[in-house]
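In: Have a look at this prediction, sequence included:
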Amino acid sequence: MENILEVNNLHVSFDTYGGEVKAVRGVSFDLKKGETLAIVGESGSGKSVTTRAIARLIPSPPGRIKEGEILFDGKDLAKLSDKQMQAVRGKDISTIFQDPMTSLNPTMKIGTQIMEGLIKHQKMSKSQAKERTIELLELVGLPSASERVNQYPHQFSGGQRQRIVIAIALACNPKILIADEPTTALDVTIQAQILELMKDIQKKTESSIIFITHDLGVVANVADRVAVMYAGKIVEIGTADEIFYNPKHPYTWGLIGSMPTLDSTEESLVAIPGSPPDMLNPPKGDAFAPRNDFALEIDKELEPPMFKVSDTHYAATWLLHEYAPDVEPPEAVKRRMKGFANTGAASSGEGDQA
Amino acid sequence: MSQEKLLEVKNLKQHFKTGRHSVVKAVDGISFDIYKGETFGLVGESGCGKSTTGRSIIRLYNATDGQVTFGGEDVHGKKSKAKLKEFNQKMQMIFQDPYASLNPRMTVMDIIAEGLDIHGLVNNQQERKARVHDLLERVGLNKEHASRYPHEFSGGQRQRIGIARALAVDPEFIIADEPISALDVSIQAQVVNLLKDLQKEHGYTYLFIAHDLSMVKYISDRIGVMYFGKMVELADSEELYKNPLHPYTKSLLSAIPLPDPDYERNRVRTEYNPADHDTSETPEFREIRPNHWVLCTTKEFEAYKKEIKN
């Protein structure tokens, strides 16, 4: 399937009084048409910074894209001027932010906020834009839309506000939708509704979604492919089935092991010890090594390259090197892998389609 | 597990006045018991009154109506200063937001030792220091951390400080109000494991309030589900997950996303519509089978009984 976006060796840094914080250190991936790519990782892993760099929403100074290309539609977004970028942002690439309580303007009617993009990018007249706004609100499932366009954000609940934010993001039929933890602030039942809505809309509009979250349950629900980030790098990337049922990187093991399933028994959760590294001085070698029970001697010296597991599955860990010792993943992860071995053939077939 | 009741909540009501004529019934008549040494989980969506319940139990709010007895004594009754102090020592709380619940101007040593000082549990500086160091180690920090300030710690570490503070006075009962919601997944597991280990060692009783159902199921012995200020279902955690009866519990369970793509592809979500209930009479809390309680009317009671037999 054709790539709609290609990110090559992206580096993003922030200049602070303490020195240069290297938030993203060489991230490469591509996004295919109509797929959902989930980026997971803990806070500070650089997942939000990566996508903000794509939408060119990094405030500069202090932030800057140091190196790398973001290829979209034959253009390198990293090199566009602010003015040129304005024609892309909101039209071809739009973002849904985490907190629906703060991402809407409290002093503007919600209808006006949705119409903004339509008038600017689609060159619609006011009345056309209003009509389209009502359509959009109906699309995202807001009841009695024609009356509610004239209301203000505080008159809506959290779930409804997130629907409005989604309507704004969808207004110009974007090719890429960046969803930065769109459901983290919501209750599970509302979360389920919003996820269903996003999948529905994706089917209708065939847009590609980059979905950022730290909830692996949500990832399993929405993602075709998953990229796991740690300390500003992608440490593992593959189809959802590969990441959940055949994870290779110890950090992915830790993430999966630390989430209880409903049938987990008394044994304790696999916690990842310690805390994330300080990105002012990223450690030498593999950044995850100090927290990694499976770290090898070489991890302290040399950063592992991406090893190929399958055509779609890559992981950056020395454990995949031919000279590496055989290591057994933790029990909680192995239990999931067993399921994969049984249905392996069938699932990987599905992965190709996606 | 011993079946000795540590805490009894009877028809607890907590109403807040929000204007001259409007009242928010945050908690509207709930009853449950917590046994010694168990973990009782309380779940529900935001605004269902689960945090208010916790706060009323520990007397942060004065209950509007109903009774809370702890170790045989009424919590909300009139108490002498000495009695109140004794009660405060036995019941402690861990708060949700580790960024807001620690005083930024106090060192970790003073934060943890505050309770020790108030209750006169240490006699001199040395003892105080030794106790704090011991507590820090118990929660997985080290004694060098004692002289630092909260802003020098990460979220997970701060939550550990909050836990150490709660443990300092040797409580019997700890209310944990969403202790992991503000933390990263990998750190959540650390904190949950810590709480479990501490319970094994010291026999604490927990009231664990959360909206993350898979975590609650993992840590709790029994779970109560709340909806709009009412307890709608209460059962052992295994039982609740295997045989949910109340439609709200079912919808809540069906909404949890699980880290398993195969399961997620085939998941069917059920939606809860409060209007579907039998409205011929006011529902009551009834025991469907031993230790499994559901809020229902007589008609529904029969239906649930039939359902569970199959």
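Out: Ah, there it is.
In: now the helices for chain A?
Out: All helices of chain A, identified by DSSP state H, fall at A:47-54, A:82-88, A:110-121, A:126-139, A:145-148, A:158-170, A:188-205, A:216-222, A:240-245, A:250-257, A:331-353.
In: which stretch among the ones you listed comes nearest B:R289?
Out: Closest approach to B:R289 among the helices of chain A (CB to CB): helix A:188-205, 26.7 Å. C-beta here means a position set from N, CA and C on the backbone, and glycine is covered the same way.
In: That closest one packs against which elements?
Out: Judged by 3 or more CB pairs under 8 Å, 6 or more residues apart in numbering or on different chains; DSSP states H and E, the packing partners of helix A:188-205 are helix A:158-170, helix A:216-222, helix B:247-255.
In: Now do that helix: everything it contacts.
Out: With contacts defined as CB atoms under 8 Å, 6 or more residues apart in numbering or on different chains, helix A:188-205 is touched by A:34, A:36, A:139-141, A:158-159, A:162-163, A:166, A:170, A:173, A:177, A:179, A:182-183, A:186, A:207, A:209, A:218, A:221-222, B:45, B:211, B:213, B:251-252, B:254-257, B:269, B:272.
In: Could you turn the buried ones of these into a ChimeraX selection?
Out: Buried subset of the contacts of helix A:188-205, written as a ChimeraX selection, criterion 16 or more other CB atoms under 10 Å in any protein chain shown:
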select /A:34,36,139,140,141,158,159,162,163,166,170,177,179,182,183,186,207,209,218,221,222 /B:45,211,213,251,252,254,255,256,257,272
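In: Next to chain A, which bits of chain B? Give me the list.
Out: B:45-46, B:154-157, B:184-190, B:192-193, B:196-197, B:211, B:213-215, B:217-218, B:241, B:251-252, B:254-264, B:267, B:269, B:272 (CB under 8 Å from any CB of the partner chain).
In: So which of these belong to helices?
Out: B:155-157, B:185-190, B:192-193, B:196-197, B:213-215, B:217-218, B:241, B:251-252, B:254-255, B:261-264.
In: and those, which are buried?
Out: Buried subset of those (neighbour count, 16+ other CB under 10 Å): B:155-157, B:185-190, B:192-193, B:196, B:213-215, B:217-218, B:241, B:251-252, B:254-255, B:261-264.
In: remind me which residues of chain A are low pLDDT?
Out: Scanning chain A for pLDDT under 70 picks out A:262-268, A:337-354.
In: Against the centre of it, work out the most remote residue.
Out: Distance to the chain centre peaks in chain A at A:S127, reaching 35.3 Å (criterion: CA atoms, centre = their mean).
In: who touches that residue in this structure?
Out: Contacts of A:S127 (CB under 8 Å, 6+ apart): none.
In: Likewise for the one 3 residues further on?
Out: A:K130 sits next to A:111, A:115, A:149 when contact means CB under 8 Å, 6+ apart.
In: In those residues, which residue is surrounded by the most others?
Out: The most neighbours of any of the contacts of A:K130, using other CB atoms under 10 Å in any protein chain shown, belong to A:M115, which has 23 neighbours.
In: For A:A171, see how far away the residue nearest to that one when sequence neighbours are not counted is.
Out: Excluding the flanking residues, the one nearest A:M115 by CB to CB, 6 or more residues apart in numbering or on different chains is A:A129, at 4.2 Å. As for A:A129, its distance to A:A171 is 9 Å (criterion: CB to CB, to the nearest Å).
In: what do you get for A:I194?
Out: If you go by CB to CB, the gap between A:I194 and A:A171 works out to 17 Å.
In: So these two - more neighbours on which side?
Out: A:A171 (26 against 22).
In: Let me see the contact set for the more buried one.
Out: Counted by CB under 8 Å, 6+ apart, A:A171 has contacts A:90, A:94, A:114, A:117-118, A:132-133, A:136.
In: Kindly report the same for B:K50.
Out: Counting by CB under 8 Å, 6+ apart, B:K50 has contacts B:42-44, B:209, B:211, B:226.
In: Domain parsing of chain B, as residue ranges.
Out: Split into domains by automatic domain parsing, chain B comes to B:5-101+B:171-241, B:244-310.
In: Rebuild those domains as CSV, extending it with distance to A:I243 and mean pLDDT.
Out: Converted to CSV, the domains of chain B look like this (distance: least, CB to CB, whole Å; pLDDT from 0 to 100):
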stretch, distance to A:I243, mean pLDDT
domain B:5-101+B:171-241, 14, 89
domain B:244-310, 9, 86
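In: Distance to A:Q98 added to those, as a markdown table?
Out: Output for the domains of chain B, formatted as a markdown table (distance: least, CB to CB, whole Å):
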| stretch | distance to A:Q98 |
| --- | --- |
| domain B:5-101+B:171-241 | 14 |
| domain B:244-310 | 17 |
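In: Count the residues that sit near A:M85.
Out: Neighbours of A:M85 under the rule other CB under 10 Å: 18.
In: Look at the residue nearest to it when sequence neighbours are not counted and say how many residues are nearby.
Out: Using CB to CB, 6+ apart and skipping residues adjacent in sequence, the residue nearest A:M85 is A:R56, 4.8 Å away. By other CB under 10 Å, the residues close to A:R56 number 20.
In: and A:R56, what is it in contact with?
Out: A:R56 touches A:77-78, A:80, A:82, A:85, A:89, counting by CB under 8 Å, 6+ apart.
In: same check, this time on A:G34
Out: Contacts of A:G34 by CB under 8 Å, 6+ apart are A:1, A:202, A:206-208.
In: got a winner among the residues you listed for most neighbours?
Out: A:S207 (24 neighbours).
In: And that residue, how close does it get to chain B?
Out: 21 Å (CB to the nearest CB, to the nearest Å).
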